[in-house]
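Asker: could you look at this predicted model? Sequence included:
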Amino acid sequence: MLNYFGVESAAALGVSFGGYLVMRAAAHCSRISHVIAFDMMYRLLDGLTLPLPRPLRPIADAVVGNPRPAWLIDAALRIAPRFSADLAWKLQQARHLTGLSKPSEVLRAFGDYTMEPLEGLIHQPCLVLAGDADQYVPFERLEDVRRALANATSLDVRAFRHAQDPDMAQHCQIGNLNRAFTIMGDWLSGHQPRSGA
């Protein structure tokens, strides 16, 4: 796109899954001058495991990280959505995004979308928004995002907590978009001090 329009330098904003995609783009395109993750997305598969109770997440991570035997995963994920509208919607979106129909294939494809291989490759100034009431991204992934962005020119993290700021603590700060866009605009124009949150 930058080539098509002859753009030599541009800030890039990634929304939801785009919070990962914008980081991947920045790692491989130095013409991206500033990066905004609105909000963070370290690993796409987290969206499928987040609704589970915390003690079950490592087991689920192992299953989704290596969906074998495929026939068993496919059978289980044909039944499980009947008990969870959230999971049904996520699997439908996953099939739409990947163009794949079998859940085991979708999980394998989603496994490629992680910031882990990008660690140290992003050098631009970065703004990361995150909330502890995010419905799709585990808040504890913030430390993984920080590690991946260790070589960024600067890193401004805006971490919102439900107890103090419930509207901004949701996925993509959906409860107060005007404020979120003000934060991003101020950051791009240099009006906000760097945050160490």
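Answerer: Perfect, thanks for sending it. Treat the numbers as computed from the prediction; the structure is a model and nothing was measured.
Asker: skipping adjacent residues, who's closest to residue 28 in space?
Answerer: Spatial nearest neighbour of residue 28, chain neighbours left out: residue 121 (7.6 Å); criterion: Cβ to Cβ, 6 or more residues apart in numbering. Every C-beta, even on glycine, is put in place using the N, C-alpha and C of the backbone.
Asker: pretty sure the one you found contacts residue 27?
Answerer: Yes. Between residue 121 and residue 27 there is a contact under Cβ atoms under 8 Å: 3.9 Å.
Asker: output the lowest mean pLDDT helix or strand found in the chain.
Answerer: Across the helices and strands of the chain, mean confidence by mean pLDDT, DSSP states H and E is lowest for helix 57-65: a mean of 69.
Asker: what is the mean pLDDT for the helix or strand just after it?
Answerer: Following helix 57-65 in sequence order, the next helix or strand is helix 70-79 (DSSP states H and E). Per-residue pLDDT values across helix 70-79 average out to 78.
Asker: pull helix 70-79 out as CSV, backbone CA atoms only.
Answerer: Backbone C-alpha positions of helix 70-79 (Å, rounded to 0.1, in the frame of the first residue of the first chain) are rendered in CSV as follows:
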residue,chain,number,x,y,z
ALA,A,70,-7.3,-33.4,14.5
TRP,A,71,-10.5,-35.5,14.4
LEU,A,72,-10.9,-35.2,18.2
ILE,A,73,-10.4,-31.4,18.1
ASP,A,74,-12.8,-31.1,15.2
ALA,A,75,-15.4,-33.2,17.1
ALA,A,76,-15.0,-31.3,20.3
LEU,A,77,-15.2,-27.9,18.6
ARG,A,78,-18.4,-28.9,16.8
ILE,A,79,-20.1,-29.5,20.1
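Asker: name the helices or strands packed onto it?
Answerer: helix 103-110 (3 or more Cβ pairs under 8 Å, 6 or more residues apart in numbering; DSSP states H and E).
Asker: moving C-terminal from the helix it packs on, which element do we reach first?
Answerer: strand 126-131.
Asker: can you tell me how far the spatially most central residue of the chain is from residue 6?
Answerer: Nearest to the mean C-alpha position of the chain, counting by Cα atoms, centre = their mean, stands residue 41 at 1.3 Å. According to Cβ to Cβ, to the nearest Å, residue 41 and residue 6 sit 29 Å apart.
Asker: next one: residue 15
Answerer: 25 Å.
Asker: more crowded one of the two?
Answerer: Counting neighbours by other Cβ atoms under 10 Å for residue 15 and for residue 6 shows that residue 15 has the greater number, 14 against 6.
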